[in-house]
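Colleague: Give me a 3D structure for the following:
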Amino acid sequence: MTIPQDLVVPVPDGELFSTTAGRGPDLVLLNAGSVDLRMWEDDLPALTPHRRVTRYDDRSVGRRSARATVPWSFTADLLAVLDAHGIERATLAGSSDGGRKALDFAVAHPERVERLVLVGTALHLPDPTPAERADLDALLAALVPRTEAVERGDREAAALADLDVWAPRATPARRLRLARLYADSPDFLLGTPAEPLEPARPGIAHLAAVTAPTLVAVGEHDLPYTHRCAARIAAGVPGAELVTVAGADHFLNLSRPDRFAELVLRAP
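Modeller: Numbering: from 1, shown residues only. Predicted coordinates:
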C-alpha cells in the first residue's frame, strides 16, 4: 500500500480532513454517519493496489475536520474534495448514510460519477408502503434504548445500544473499536444536524435520473428496513443490481471485508 497523502480541503466556513492512497482509477469511500474515515482501514490493503482511494470526514465528524457552524451542503463538500484531489470521475462507495450522500451527488453531478456502490443505505422513503412503514416503525422502536441513553447523558451506553441494532455480527474487538469511533463523532448520537441547504436529499426522489452503473448491497443480517430501502433504490435506478451479502450486517465492509472488496472492484 502506498503511503497515505493527507490534504485539508477548504470549504465555506470550514475545512475537511481527507487522505488518499493507492494507484489506479479513483475510488471515494463515504463513511457511515456514526463513524469517521478510520472505518475503512482494514479495507485498504485489498483496494489500494487497484484503486486510488480517497477518504474524508464530513464537518463535525472525526478528530480533524472542522465543526459545522453554518448551513452547508454535503454534495458541495464532496465536490470540493474531488476538485482538491484532482478527481474528474470516480466510483463512489458509501456505507449507510454515506450511500445516501453518494446517491444525492450522482443526481446533482452525474458527469463526475463513474459508478455507485451503495452499501446498507437506509434513508427516508417518500410515500412508504405499509410494509416499509411497518419496518421503519420497528427500526425506531429498536433505537429507543439509544435515545434513552442519550437523554440521560450516557453517550457510551448510547453507542453500545446503537451497535446492538446495527452491528450484531461484530466481534467483541470490532465492537469496541466501533464504539471508540462513535466517541470521536458525538454529533451523531446527539442529533446530527440535517443538511440545511436545498435541495438537501434529492437522490431518493430522482432515482430514474441516475446514469452511473449502480450496485446496491445489503447485509443478510441488516435490518428489514434497510432491505426495503435497498429494494426501493435498486428498483428505481435504471439497470441497478441488488446483492444480499451472506453473513454481513449493516457494517458490511467490516463483517464481510472480502465480499466488500470484490463488489467495489468489480468492473462496471
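
Colleague: Distance-wise, check residue 127 relative to residue 25.
Modeller: 37 Å (C-beta to C-beta, to the nearest Å). For every residue, glycine as well, the C-beta is placed using N, CA and C.

Colleague: more neighbours, those two?
Modeller: Neighbour count, other C-beta atoms under 10 Å: between residue 127 and residue 25, residue 25 has more, with 16 against 7.

Colleague: Test my guess that that one contacts residue 87.
Modeller: No: using C-beta atoms under 8 Å as the test, residue 25 is too far from residue 87 to be in contact (10.0 Å).

Colleague: how much space between residue 72 and residue 87?
Modeller: Taken as C-beta to C-beta, the span from residue 72 to residue 87 is 20 Å.

Colleague: Sorry, slip of the keys, the one I care about is residue 57.
Modeller: Counting by C-beta to C-beta - residue 57 and residue 87 are separated by 17 Å.

Colleague: When these two are compared, which one has more neighbours?
Modeller: Shown here are residue 57 and residue 87; by other C-beta under 10 Å, residue 57 has more neighbours (22 against 19).

Colleague: can you pull the contacts of the spatially closest residue to that one that is not a sequence neighbour?
Modeller: Leaving aside its sequence neighbours, residue 57 sits nearest to residue 65 (C-beta to C-beta, 6 or more residues apart in numbering; 4.2 Å). With contact set as C-beta atoms under 8 Å, 6 or more residues apart in numbering, residue 65 has these partners: 14, 15, 16, 17, 56, 57, 58, 59.

Colleague: ok, the fourth one - how many residues close by?
Modeller: The reference is to residue 17. 20.

Colleague: For beta bridges, what are the partners of it?
Modeller: residue 8 (DSSP bridges).

Colleague: separation between it and residue 149?
Modeller: Residue 17 is 28 Å from residue 149, by C-beta to C-beta.

Colleague: cool, and the first one?
Modeller: In this view, residue 14 and residue 149 are 29 Å apart by C-beta to C-beta.

Colleague: How about the second one?
Modeller: With the distance defined as C-beta to C-beta, residue 15 ends up 31 Å from residue 149.

Colleague: Between the two, which has more neighbouring residues?
Modeller: residue 149 (19 against 14).

Colleague: isn't that one right next to residue 164, touching?
Modeller: No: using C-beta under 8 Å, residue 149 makes no contact with residue 164, being 10.9 Å away.

Colleague: So residue 135 is in contact with residue 225, correct?
Modeller: Yes: look at residue 135 against residue 225 with C-beta under 8 Å: they come within range, at 4.1 Å.

Colleague: pLDDT weak spots in the stretch 51-200 of the chain?
Modeller: 192-200 (pLDDT under 70).

Colleague: Check the spacing between the residue of the chain positioned farthest from its centre and residue 187 real quick.
Modeller: Largest separation from the mean C-alpha position in the chain: residue 152, at 27.8 Å (C-alpha atoms, centre = their mean). For residue 152, the distance to residue 187 equals 18 Å [C-beta to C-beta].

Colleague: Check residue 139 too.
Modeller: The value you get for residue 139 to residue 187, if C-beta to C-beta is used, is 20 Å.

Colleague: Show the backbone phi and psi for residue 59.
Modeller: Backbone torsions for residue 59, taken as degrees, to the nearest 10, come to phi -60, psi 140.

Colleague: what's around it, how many residues?
Modeller: Counted with other C-beta under 10 Å, residue 59 comes out at 22.
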